[in-house]
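Novice: take this sequence and fold it.
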Amino acid sequence: MQLFWHRRDPRTRDNAGLAAAAEAGTVLPVFVHDADPFEAVSARQRAFALRHVKRLKARYRELGSDLIVRAGDPDEVLPALAGEYGSETVFYNEYYRPVRQSRRRAVDAALADAGVESEARTDAVLVDPGRLAERYANHGRFHDDWAGVPKADPYPEPEPDALADVRDETGVPEADTDVDLPGTGYEAARERFDEFLDYGIRSYADTRDDLARAVEAPTHAVSRMSPYLATGAIGIRETWADATDAFEAATGDARRNVDKYRDELSWREQMYHLLYYNPDLAVANYKSFPNPIAWREADGEFEAWRRGETGYPLVDAGMRQLNAEGYVHNRPRQVVASFLAKHLLIDWRRGARYFTEQLIDHDYASNHGAWQWTASTGTDSVDVRIFDPVAQMAKYDVDATFVKAYVPELRDVPAEKVVDWPTLSRDEREGLAPDYPHPIVDRDDGYERAQRVFEEALGKR
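Specialist: Below is the predicted model of the structure:
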């Protein structure tokens with residue numbers, strides 16, 4: 001009998017390790033509730049992930065088997081279960097987050113001591129990062145190499161007779177959350193993606209930054225698949241294969257739109273590549289600076305940013321969406337990150353930690369890789385990229401639809417005034433929306449300070 005250890009992959013379909021275990025013999029599926037990885041993410045994502053596991057257990061029962069649920073350290077639980085059930089090999093999927101790497105090494109050692117084999121499979125990404133070069137100058141060069149590696153087809157769900165005939169009455173732990181969660185389980189992920197394939201992917205490049213559309217049709221403007229990919233509720237090969245089928249079936253402008261979605265999946269792959277070769281991605285700048293960056297403490301400004309009370313409407317709308325939903329659209333996600341790291345000059349790591357505490361779709365690689373890109377400490381080839389929150393709103397939310405959905409103080413203010421809010425006089429702002437805060441930093445002063453500080457850190461001043 002083979003034992004399969006479910007880690008961050010609560011699904012039976014398109015699961016590389018589970019498919020390998022089923023090919024080797026009868027499979028006993030196991031989930032170990034290991035406190036360390038769960039404590040490092042938000043309570044919101046913890047609740048979301050555990051609900052996926054609960055649905056996974058139900059799926060195994062539908063297949064005539066069951067998910068064995070245990071709590072404790074995997075390096076103690078797994079050898080004991082392998083001995084109890086006479087398992088010859090423990091299969092699992094590989095993940096690159098440092099705490100999961102540490103757990104994997106401890107499990108491998110404990111299993112070896114018990115005389116049990118262990119086998120890992122690449123599951124979280126389409127291309128094993130070890131197959132690619134260690135560093136790339138930009139995303140385009142990464143994409144060229146990555147695109148040249150063949151992508152595996154989705155793995156089939158194991159047949160019922162490949163699964164152990166067991167019953168386990170131990171329930172899946174639950175966790176409280178303060179936000180409404182999306183539907184959970186593979187079926188919910190599949191339903192959401194099918195809807196996007198039907199109504200959104202052929203216009204994706206045109207709508208992905210349209211913030212009014214994001215309010216009116218949130219799962220059509222973009223896929224909103226990030227929570228499901230982050231928790232492993234759906235496989236990346238399945239997602240890629242369906243997007244590729246849509247690309248091959250598309251013609252004309254729809255083909256460009258679909259290809260943009262596939263390109264965004266390649267950005268996700270690059271974030272995992274960064275983490276694979278830089279396990280300290282969450283704590284150390286990827287880019288080397290000859291001089292230290294003069295980050296500011298500015299605790300009061302950081303708290304205003306966290307609350308969505310900076311006096312910059314698009315920044316505040318993004319932060320309030322994050323706080324209320326555990327999700328923030330990618331365009332304001334970039335704007336709020338840039339505002340913190342550039343206009344406020346507050347260390348990107350503080351912002352990344354807050355995102356970790358709040359996001360349902362938190363992905364260790366994507367969160368920290370994207371924060372570094374936006375903070376100009378990561379892979380971006382531009383020395384100092386600064387998102388102007390006023391210009392960004394004028395371009396992507398000119399009617400203030402997104403802002404007014406999350407900032408009620410501004411709902412009665414004309415859209416053009418909301419867009420220009422930080423540039424209005426104090427008296428005009430007080431007359432239009434007395435309950436909404438004034439800007440906590442001058443737009444031009446913040447921009448010029450960031451430019452100066454980063455150029456000094458780069459040794460260009």
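
Novice: biggest helix in this protein by residues?
Specialist: Among all segments of the chain classified by DSSP state H, the helix with the greatest residue count is helix 252-277.

Novice: next secondary structure after that helix?
Specialist: Note on helix 252-277: by DSSP states H and E, the next helix or strand toward the C-terminus is helix 299-307.

Novice: who touches that following helix?
Specialist: Applying CB atoms under 8 Å, 6 or more residues apart in numbering, the set of residues contacting helix 299-307 from outside is 310, 315, 319, 323, 336, 339-340, 344, 346, 350-351, 354, 437, 440-441. Every residue, glycine included, has its C-beta placed from N, CA and C.

Novice: try it again with 7 Å
Specialist: Helix 299-307 is contacted by residues 310, 319, 340, 344, 346, 350, 354, 440 when judged by CB atoms under 7 Å, 6 or more residues apart in numbering.

Novice: model confidence over that helix, on average?
Specialist: Across helix 299-307, pLDDT averages out at 98.

Novice: one more: stretch 65-72?
Specialist: For stretch 65-72, the mean per-residue pLDDT is 97.

Novice: start and end of it, how far apart?
Specialist: 22 Å (CA to CA, to the nearest Å).

Novice: share the number of residues neighbouring residue 69, please.
Specialist: 21 (other CB atoms under 10 Å).

Novice: same check on residue 420?
Specialist: The local packing of residue 420 (other CB under 10 Å) involves 15 other residues.

Novice: over to the one 5 residues further on?
Specialist: Using other CB under 10 Å, the number of residues around residue 425 comes to 8.

Novice: for it, report the pLDDT, please.
Specialist: pLDDT, residue 425: 97.

Novice: again, but for the one 5 residues further on
Specialist: In the prediction, the pLDDT value recorded for residue 430 is 97.

Novice: count the neighbours of it for me.
Specialist: Residue 430: 13 surrounding residues under other CB under 10 Å.

Novice: report the secondary structure state of it.
Specialist: At residue 430, secondary structure determined by DSSP: H, G, I helix; E, B strand; the rest coil is helix.

Novice: distance of it from residue 240?
Specialist: According to CB to CB, to the nearest Å, residue 430 and residue 240 sit 52 Å apart.

Novice: now stretch 107-118: how far from the chain's centre is it?
Specialist: 32 Å (CA atoms, centre = their mean, to the nearest Å).

Novice: average model confidence for that stretch?
Specialist: The average pLDDT for stretch 107-118 rounds to 98.

Novice: buried ones in that stretch?
Specialist: Residues 107, 108, 110, 111, 116, 118 are the ones in stretch 107-118 that count as buried (16 or more other CB atoms under 10 Å).

Novice: and those residues, which of them are in strands?
Specialist: Using DSSP state E, residue 118 are the members of those that sit in strands.

Novice: list the residues that contact residue 389.
Specialist: With contact taken as CB under 7 Å, 6+ apart, residue 389 is in contact with 312, 314, 315, 335, 339.

Novice: so which of those residues is the closest to residue 128?
Specialist: residue 335 (33.6 Å; CB to CB).

Novice: now do the particular helix or strand that has the closest one in it: which elements does it pack against?
Specialist: Element membership of residue 335, judged by DSSP H and E, is helix 330-338. Packed against helix 330-338 by the contact rule (3 or more CB pairs under 7 Å, 6 or more residues apart in numbering; DSSP states H and E) you find helix 313-325, helix 364-375, helix 389-396.

Novice: show me what the helix or strand that the last one is followed by is packed up against.
Specialist: So the one you mean is helix 389-396. Helices and strands here follow DSSP H and E; after helix 389-396, the next one along the chain is helix 401-406. Packing partners of helix 401-406 (3+ CB pairs under 7 Å, 6+ apart): helix 211-216, helix 313-325.

Novice: before we move on, which element is residue 92 in?
Specialist: Residue 92 belongs to strand 89-94 when assigned by DSSP H and E.

Novice: ditto for residue 140
Specialist: Here residue 140 is assigned to helix 139-147, by DSSP H and E.

Novice: which parts of that helix are buried?
Specialist: Counting neighbours by 16+ other CB under 10 Å, one finds that the buried residues in helix 139-147 are 139, 142, 143, 146.

Novice: please tabulate these in CSV, including the columns pLDDT.
Specialist: Shown next, in CSV, are those (pLDDT from 0 to 100):
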residue, pLDDT
139, 94
142, 97
143, 97
146, 98
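
Novice: give the contact list for residue 256.
Specialist: Here residue 256 is in contact with residue 205 (CB under 7 Å, 6+ apart).
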